[in-house]
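Student: return atomic coordinates for the entry below.
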Amino acid sequence: MGNIDRERNVTVATDLDGSRFVLISDVRFKGKREDWKNVEAFLKEYIGEFYEIEETAEKIFISSDFPDEFANSEYRIRLKGAVSKAKANASQAVPELIQIASNRRFSENRKTKHRSDAKLGWYRYDVRFALPVYNDRTGNVERYNIYKAVMLVRHAEDEKKYLYDFLEIKKETSSPLESEDCTV
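Tutor: Below you'll find the predicted structure:
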């Protein structure tokens, strides 16, 4: 498993329905506009690591193309507001998001540009994460907003699976998570 040793306040938790999610306790990337160069630099620390999906025991590797794709993809450039901030802050939880990934789905490679790097196709997995919402007056955590996303993994010719991006990030419409609504 990966050896990233840096301060991260991230925990795998379970909600009242028994569904797992990653609880990200610190909002590292704040402000109206996320600094994607800093997000990309942060993600570069994962390069060369691998993490295992608990549900399938698959090893997912982090290659040098992941930070650039995460921070500069067409999908990311279209993001606005809270979803953009959610993606930026999800970068803190890459190992845990891989760990809890579920509902694997396969698709063939459809784009010529990925003919060599995703020769054996793509896998999509569902992931969930929660970010704190702070009270403007007190600065205390009021609640957590839960987001769902799709983790995209490319299956390369070397038969390894490489993390490529997190897509389709959406805030869940259920009521926000209160601290007593989950177990860590």
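
Student: find me the pLDDT at residue 91, would you?
Tutor: pLDDT, residue 91: 95.

Student: what helices or strands is the helix or strand containing residue 13 leaning on?
Tutor: Using DSSP states H and E, residue 13 sits within strand 10-15. With contacts defined as 3 or more CB pairs under 8 Å, 6 or more residues apart in numbering; DSSP states H and E, strand 10-15 has these neighbours: strand 20-24, helix 94-100, strand 182-183. Placement of C-beta: from N, CA and C, glycine included.

Student: so where do the strands sit in the protein?
Tutor: Assigned by DSSP state E, the chain shows strands spanning 10-15, 20-24, 50-52, 59-61, 102-107, 122-134, 141-155, 161-171, 182-183.

Student: so what's the residue nearest to residue 83 when sequence neighbours are not counted up against?
Tutor: Distance criterion CB to CB, 6 or more residues apart in numbering; nearest residue to residue 83, sequence neighbours excluded, is residue 169 at 5.3 Å. Going by CB atoms under 8 Å, 6 or more residues apart in numbering, residue 169 touches 79, 83, 86, 87, 90, 147, 148, 149.

Student: could you do residue 43 as well?
Tutor: 66, 67, 70, 71, 91, 94.

Student: please name the nearest non-neighbouring residue to the first one.
Tutor: When you say that, I think you mean residue 66. In space, and not counting its chain neighbours, residue 66 is closest to residue 163: 5.3 Å by CB to CB, 6+ apart.

Student: by mean pLDDT, point me to the weakest helix or strand of this structure.
Tutor: Every helix and strand of the chain was ranked by mean pLDDT, DSSP states H and E. The lowest is strand 182-183, at a mean of 58.

Student: where does the chain dip in pLDDT?
Tutor: Scanning the chain for pLDDT under 70 picks out 1-6, 31-34, 111-116, 174-184.

Student: tell me the residue in the protein that is farthest from the middle.
Tutor: Most distant residue from the mean C-alpha position of the chain: residue 137, 29.5 Å away (CA atoms, centre = their mean).

Student: and it, how far is that from residue 131?
Tutor: Distance, residue 137 to residue 131, by CB to CB, to the nearest Å: 19 Å.

Student: just to revisit the earlier point, adding mean neighbour count and distance to residue 110, write the helices and strands packed on strand 10-15 out as a markdown table.
Tutor: Converted to a markdown table, those look like this (neighbours: other CB atoms under 10 Å; distance: least, CB to CB, whole Å):
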| stretch | mean neighbour count | distance to residue 110 |
| --- | --- | --- |
| strand 20-24 | 23 | 29 |
| helix 94-100 | 24 | 24 |
| strand 182-183 | 14 | 38 |
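
Student: residue 120 is in contact with residue 160, isn't it?
Tutor: No - counting by CB atoms under 8 Å, residue 120 does not reach residue 160; the two are 9.5 Å apart.
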